[in-house]
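**Student:** Fold the stuff below for me.
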Amino acid sequence: MLTDASILFQIAGIGIIVALIHTILKQMGKEEIAQFATLVGFIIVLVMVVNGLADLFQQIKSVFLYQG
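**Tutor:** Numbers count the residues shown, from 1 in each chain. Model (predicted):
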């Protein structure tokens with residue numbers, strides 16, 4: 001359960017950092033780079049979520065397909 005909360009805090013932290021970077025770059029007039037930074041942050045979070053879902057499905061599979 002602790003790891004679940006830490007993953008949520010990591011995702012929230014990445015979101016805050018990406019939002020700050022996006023805002024700063026946009027105010028500097030570098031909108032293309034700001035959009036790229038947002039896309040990179042989204043991909044990082046997406047990979048984290050997919051890894052978490054893969055672990056969840058592996059645990060569900062081990063519970064229902066237990067052959068002991």
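
**Student:** avg pLDDT for stretch 60-67?
**Tutor:** Model confidence over stretch 60-67, given as mean pLDDT, is 81.

**Student:** helices or strands up against the strand or helix carrying Met48?
**Tutor:** Taking DSSP states H and E as the definition, Met48 sits inside helix 31-64. Under the contact definition 3 or more Cβ pairs under 8 Å, 6 or more residues apart in numbering; DSSP states H and E, helix 31-64 sits against helix 2-27. Where you see a C-beta, it was placed from the backbone N, CA and C, and this is true even at glycine.

**Student:** can you give me the angle the helix it packs on makes with helix 31-64?
**Tutor:** 170 degrees (axes from the mean of the first three to the mean of the last three Cα atoms, to 10 degrees).

**Student:** buried ones in the helix holding Met48?
**Tutor:** When neighbours are counted by 16 or more other Cβ atoms under 10 Å, the buried residues of helix 31-64 are found to be Ala34, Ala37, Thr38, Gly41, Val45.

**Student:** who's in contact with the residue nearest to the spatial centre of the chain?
**Tutor:** The chain has Val45 as the residue nearest its centroid, 1.7 Å off, counting by Cα atoms, centre = their mean. Residues in contact with Val45 (Cβ atoms under 8 Å, 6 or more residues apart in numbering) are Ile11, Ile14, Gly15.

**Student:** got the phi/psi numbers for Gly29?
**Tutor:** Backbone torsions for Gly29, taken as degrees, to the nearest 10, come to phi 90, psi 10.
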